[in-house]
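S.K.: Here is my input, please return the structure:
(one chain, ligands or ions: 1)
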Amino acid sequence: MTDRLPQGATIGILGGGQLGRMLSVAAARLGYRSHIFEPGAEPPAGQVAHRVTTAPYEDADALAAFATAVDVVTYEFENVPTAALDVVEAHAPIRPGRRALAVSQDRLAEKDFLNEIGLATAPYAAVDGADDLEAAIARVGVPAILKTRRFGYDGKGQARLAAPDDAAAALAAIAGAPAVLEGFVVFTAEVSVIGARGLDGRVACFDPGENVHEEGILRRTTVPAQLSAARRTDAVLAAGRLLNALDYVGVLGLELFVTPGGLVVNEFAPRVHNSGHWTQQGCTVDQFEQHIRAIAGWPLGDGSRYADVEMLNLIGDDMDDVPAHAADPAAALHLYGKAETRPGRKMGHVNRVLGPVSR
Ligand code: AMP
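M.R.: As a prediction, the model looks like this:
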């Protein structure tokens, strides 16, 4: 094994939300400390991490001090500013590397890259203004979705066009930001593959999960997904191809639409992913440990699944259901320690073991 981080080493994590929290717990289980860098006060990850730096990503001195104090840097969200990464990279390796971040931060670069490596996406066209949008509609057709190139998540920064007449309203909805027009994909299901690639280049993927979104936010993930054996293999191979093409180190989430003609990539996230939380109750090595293993130079878990699982996000007032979930012997609760419940805020999740692997 090469370059394995020694016991007691410190993993720096950019971002202090629930993903950073669960990564910190996994790091601790493998004998590592974690150090969170997060602009917001009292981040959920700070409750379980060894150290927290509270500073904006524009604070180069704070970033340099953080990166000097850790052995490797990873991140729990993909919108870390490039300038911040420049500072960090001078002091510590960043895993996954810059390429994956750069590609995933920009929907246009992402779609170009996916198509270059032979993964199908929805038809798309760049839109920088009203003239472009007209041309894009002519090329892509309607219905379509106008998405900002940057900083979109959970369905934010998006506007739907049912007809060409919706163009002006759609542009106004995204405030004229640089965007991509995507053809609307008629899908039978949404699935995702959580895949990992180690420092040694080996790849391991978890079984695809089937996702249901409500109001643009993930609601539920179920494994196994309702996929034919051939499609399941296609999904895993797509994740493997992406991991290798990016020379990736760590875990990523690849979101796919299932259509009668085959799989179509929606997007990927260069980090642990909400749709991979089921692995906590379904696999010996879950996605969080898998990510720590990858970036710390350990061999990967093989991704095998030993249970059928359903993951339900607890969003906003769903916290009222916690006592009922806690009384369910098949359910494992994961709460994020957020003091304030707000509509649309992810407060926790529950993994319900449905039974042994059915197929
Ligand atoms: P996104 O933020 O791109 O992941 O989009 C959020 C959700 O909107 C997806 O999970 C889909 O349910 C839906 N969606 C996004 N893009 C498309 C598309 N091109 N065609 C159909 N549905 C889409």
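
S.K.: and Gly47, how far is that from Gly141?
M.R.: You called it Gly, but residue 47 is Gln. Look at Gln47 and Gly141: by C-beta to C-beta, to the nearest Å, they are 48 Å apart. All C-beta spots, glycine's among them, are computed from the backbone N, C-alpha and C.

S.K.: what mean pLDDT does stretch 147-165 have?
M.R.: Mean pLDDT, stretch 147-165: 86.

S.K.: What ranges does the stretch 101-250 of the chain have for its helices?
M.R.: 107-116, 130-140, 167-173, 229-245 (DSSP state H, counting those that start in this stretch).

S.K.: Of all these, which one is nearest the ligand?
M.R.: Set against the ligand and scored by C-beta to the nearest ligand atom, those come closest in helix 107-116, at 7.8 Å.

S.K.: so what secondary structure elements neighbour the closest one?
M.R.: helix 98-105, strand 124-127, strand 179-183, strand 262-269 (3 or more C-beta pairs under 8 Å, 6 or more residues apart in numbering; DSSP states H and E).

S.K.: Quick one: closest of those to Gly198.
M.R.: Closest approach to Gly198 among those is made by helix 98-105 (14.7 Å; C-beta to C-beta).

S.K.: what helices or strands is the closest one leaning on?
M.R.: helix 82-89, helix 107-116, strand 262-269.

S.K.: Measure how it sits relative to helix 107-116, angle-wise.
M.R.: Angle, helix 98-105 to helix 107-116, by axes from the mean of the first three to the mean of the last three C-alpha atoms, to 10 degrees: 110 degrees.

S.K.: Buried residues of helix 98-105, list them for me.
M.R.: 100-105 (16 or more other C-beta atoms under 10 Å).

S.K.: ok now that helix, how far from the chain's centre?
M.R.: Between the centre of helix 98-105 and the centre of its chain there are 13 Å (C-alpha atoms, centre = their mean, to the nearest Å).

S.K.: for stretch 183-200, same thing?
M.R.: For stretch 183-200, the distance to the chain centre is 10 Å (C-alpha atoms, centre = their mean).

S.K.: Tell me how far Phe113 lies from Tyr124.
M.R.: 12 Å.

S.K.: Please convert the helices of the stretch 101-250 of the chain to CSV, extending it with distance to Glu255.
M.R.: Output for these, formatted as CSV (distance: least, C-beta to C-beta, whole Å):
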stretch, distance to Glu255
helix 107-116, 11
helix 130-140, 20
helix 167-173, 22
helix 229-245, 10
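
S.K.: Show me what stretch 337-354 is in contact with.
M.R.: With contact meaning C-beta atoms under 8 Å, 6 or more residues apart in numbering, stretch 337-354 is reached by 18, 21, 42, 44, 47, 215, 217, 274, 277-278, 280-282, 307-319, 322, 325, 328, 330-336.

S.K.: Mind checking which of these are buried?
M.R.: 18, 21, 44, 217, 274, 277-278, 280-282, 307-315, 318, 325, 331-332, 334-336.

S.K.: ok now do the residue in the stretch 101-250 of the chain that the ligand sits nearest to, which residues does it touch?
M.R.: Closest to the ligand within the stretch 101-250 of the chain is Val185: 3.7 Å, counting by C-beta to the nearest ligand atom. Neighbour list for Val185: 122, 257, 259, 264, 266 [criterion: C-beta under 8 Å, 6+ apart].
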